[in-house]
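> Whatever this is, show me its structure:
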Amino acid sequence: MASEATRAAAARHQMMVPAVDAAAVPTATGTIAAGRVRGLAPATHLFVMAPGKLPGVGRLLATEARGSPAFVETLLRAWEGGDAVLPVDPRLPPPARARLLEDLGDREVEAGDALVVATSGTTGHSKGVILTHDAVEASARATSVRLAVDPATDHWLACLPLAHVGGLAVVTRALFTGTPLTVQDGFDPAAVEHSRATLVSLVPTALRRADTSRFRVVVIGGSAPPEDLPANAVTTYGLTETGSGVVYDGRPLDGVEVKLDPKTAEILVKGRMLLRAYRTAGSDVPALLPGGWFATGDAGRFAADGRLVVDGRLTDLIVTGGENVWPQPVEDILRRHPAVADAAVTGRPDPEWGQRVVAVVVPVRPGQPPTLDELRGAVKNELGAWHAPRELVLVDALPRTGLGKIRRSELQEE
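Down below sits the predicted model:
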């Protein structure tokens, strides 16, 4: 069921919540109560295991995660009723949405579950990260303490996609701390620059498109931060499974433990904000190692001052001629080239080197792209020669997620 903090948040907003009219519709995967919400609320679907809701067991409410006050109201109403919420990305085409609901929506949730956030699976099926009320509250309070949030003077702006934990966490931080919140339907540079909020969470691509100097704090996450960060920016490291960022400017939040696997340098994280389990089409799958640790799949190291440095996904590491090459340092150099608008680095099979370093580049002027020799020279000047790309691929745009992360699996395709 909802925690005391959740019930208090719902009580503060109860005058804002419109009434709900719902009619039950049978489906092949259970019973869907297709809700029509008066006012601004989005369309919702209640997934109920037939013959109905079991005593003490919550339902999973799938709701379109469109940026509006109505989404927040729907979230609060579900939590007050003891149900969990699956935010559905409104950008998903109907077939993808149907697969998501089929994979995640036909089973009850455990008491205490608050959110099921969809993330990519490796089998072609969706999987969901299950976050409990305790986990969501722990994340909200730890981040608010680190940022010295004062509900009396601060104000959050939510403008990232709410189907992703980076955008959703802004909403939950505001709710659990009673901090004023403005929710926008997507990132709009002009709206961000004219916002009266003092706190905002952005991804690097958005940061480059708006003047954010008026904000007290700009939280940066989603992908590697740019080298020229503004003074009010705070970089974060985290995953959907960690309930948003758990390391701020290289330092773990209060209550968070971080260590490295001694053999692989994989980053392991422990804390109250971690997921309970993964939700799949068949069952809930445990996600934590013995002792409550979560293996992130990222490699890292500790700098001399104790700060965590994230090198990248273990699967992103390029091994060429026996040398290790991480994409990000090479990408940073390529992006500084005057003829490069954007760049990514990947490894492709090579009969001589095992893997060869490939630069995928968006040129500033398509008719005058940089040459491979120019890019190799720039990289060699700052890194070892083995980091220099051996192949150049010119593209119109890089494949990125809604939060700006590069889809590296697509880069590896010949």
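
> okay but Leu131 is in contact with Leu115, surely?
Yes - with contact defined as CB atoms under 8 Å, Leu131 reaches Leu115; the gap is 4.5 Å. Every C-beta, even on glycine, is put in place using the N, C-alpha and C of the backbone.

> the strands in the stretch 51-200 of the chain, which residues?
For the stretch 51-200 of the chain, the strands defined by DSSP state E, counting those that start in this stretch cover 60-64, 84-88, 113-119, 127-132, 156-158, 181-183, 199-202.

> Can you lay out these as a markdown table showing mean pLDDT?
What follows is the strands of the stretch 51-200 of the chain, written out as a markdown table (pLDDT from 0 to 100):
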| stretch | mean pLDDT |
| --- | --- |
| strand 60-64 | 92 |
| strand 84-88 | 94 |
| strand 113-119 | 93 |
| strand 127-132 | 95 |
| strand 156-158 | 95 |
| strand 181-183 | 93 |
| strand 199-202 | 95 |
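
> Which stretch among those approaches Leu268 most closely?
Closest to Leu268 of the strands of the stretch 51-200 of the chain is strand 127-132 (CB to CB; 17.1 Å).

> Identify the residues contacting the closest one?
Here strand 127-132 makes contact (CB atoms under 8 Å, 6 or more residues apart in numbering) with 84, 86, 103-104, 109-110, 112-121, 165, 240-241, 243, 273, 275-280, 284-285.

> Show me which of the residues you listed are buried.
With neighbours counted by 16 or more other CB atoms under 10 Å, those contain buried members at 84, 86, 103-104, 109, 112-119, 165, 240-241, 243, 273, 275-280, 284.

> got the contact list for Ala339?
Applying CB under 8 Å, 6+ apart to Ala339 gives the contacts Pro363, Val364, Arg365, Gln368, Pro369, Pro370, Glu374.

> Hmm, I typed the wrong one, I wanted Leu288.
Residues near Leu288 by CB under 8 Å, 6+ apart: Leu274, Leu275, Phe294.

> What does Val203 show for phi and psi?
Backbone geometry at Val203, expressed as degrees, to the nearest 10, gives phi -100, psi 160.

> That one against Ala224, yeah?
No - the criterion here is CB under 8 Å, and Val203 misses it with Ala224 at 10.3 Å.

> Pull the number of nearby residues for the nearest residue to Arg276 once chain neighbours are set aside.
The shortest distance from Arg276 to any non-neighbouring residue, by CB to CB, 6 or more residues apart in numbering, is to Ile130 (4.7 Å). Other residues near Ile130 number 26, with proximity taken as other CB atoms under 10 Å.

> Bridged to Ile130, which residues?
Note on Ile130: beta-bridge partners by DSSP bridges are Val116, Ala277.

> And the helices in the stretch 201-350 of the chain, which stretches?
Remark: helices assigned in the stretch 201-350 of the chain by DSSP state H, counting those that start in this stretch are 204-207, 327-335.

> Turn those helices into CSV, columns for mean pLDDT and distance to Ala388.
Shown next, in CSV, are those (pLDDT from 0 to 100; distance: least, CB to CB, whole Å):
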stretch, mean pLDDT, distance to Ala388
helix 204-207, 84, 24
helix 327-335, 92, 8
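
> Compare the ones you listed and report which one is nearest to Val183.
When the helices of the stretch 201-350 of the chain are compared by CB to CB, helix 204-207 sits nearest Val183, at 15.7 Å.
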